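Colleague: Build me a structure from this.
(one chain, ligands or ions: 1)
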Amino acid sequence: MNIKVFPATGLPAASLCAASHGAPTTNGAPTTEETIQVSAKNFMFAPASITVKAGTTVTWVNLDDEPHTVFSDARLFRSSALDTKELFSFKFEKPGTYHYLCTIHPRMLGTVVVE
Ligand SMILES: [Cu+2]
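Modeller: You can find the predicted model right below:
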């Protein structure tokens, strides 16, 4: 038996994805909400040292075939073991200098300076 399926016509195209922060249309103009990506690759964090503004979210991505972690010296944040292509994010609210490492490969060191 055929069941008649009504095509979903007449629905408005998904309403404009409301940009959560009224970013100007200028391409690439950063607002106060920024995301910076750091990769873990070849057993190094790259870039190993970054400087960001307070309120910036830093996202680490593991591009190696080995698991890595992101572990703050000050225990401000710690990821679980990230498999290939897995992400870990942390939002830096307070200015300061934050050192971190990979607990599996402690020679992997990185620094986030928050201004
Ligand atoms: Cu590692």
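
Colleague: Show me which residues of this structure are close to the ion?
Modeller: His68, Cys102, Ile104, His105, Met108 (C-beta under 5 Å from the ion). In this view, the C-beta of every residue, glycine as well, is placed from N, C-alpha and C.

Colleague: Swap in 8 Å and give it another go.
Modeller: Residues of the chain lying close to the ion (C-beta under 8 Å from the ion) are Ala40, Phe43, Asp64, Glu66, Pro67, His68, Thr69, Cys102, Thr103, Ile104, His105, Met108.

Colleague: Contact partners for Ala74?
Modeller: Contacts of Ala74 were listed using C-beta atoms under 8 Å, 6 or more residues apart in numbering, and they are Tyr98, His99.

Colleague: could we number from 12 for the rest of this?
Modeller: From this message on, residue numbering opens at 12, which makes the last subject Ala85.

Colleague: hmm, back to that, keep only those of the residues of the chain next to the ion that are in strands.
Modeller: Among the residues of the chain next to the ion, the members falling in strands (DSSP state E) are Ala51.

Colleague: now the end-to-end length of stretch 86-102.
Modeller: 14 Å (C-alpha to C-alpha, to the nearest Å).

Colleague: before we move on, the earlier item: neighbour-wise, which one of the residues of the chain next to the ion leads?
Modeller: Highest neighbour count within the residues of the chain next to the ion, by other C-beta atoms under 10 Å: His79, with 29 neighbours.

Colleague: thought that one was touching His116?
Modeller: Yes: here His79 reaches His116: they are 6.9 Å apart, a contact under C-beta atoms under 8 Å.

Colleague: For Lys64, which non-adjacent residue is spatially closest?
Modeller: Spatially, and ignoring its direct neighbours in sequence, Lys64 is nearest to Glu126 (5.6 Å; C-beta to C-beta, 6 or more residues apart in numbering).

Colleague: I meant to write Ser83 there.
Modeller: Distances taken as C-beta to C-beta, 6+ apart place Tyr111 nearest to Ser83, at 4.9 Å, with adjacent residues excluded.

Colleague: cool, Leu87 as well?
Modeller: The nearest residue in space to Leu87 (C-beta to C-beta, 6+ apart) is Tyr109, at 6.4 Å.

Colleague: For the one you found, give me the pLDDT.
Modeller: We have a pLDDT of 98 for Tyr109.
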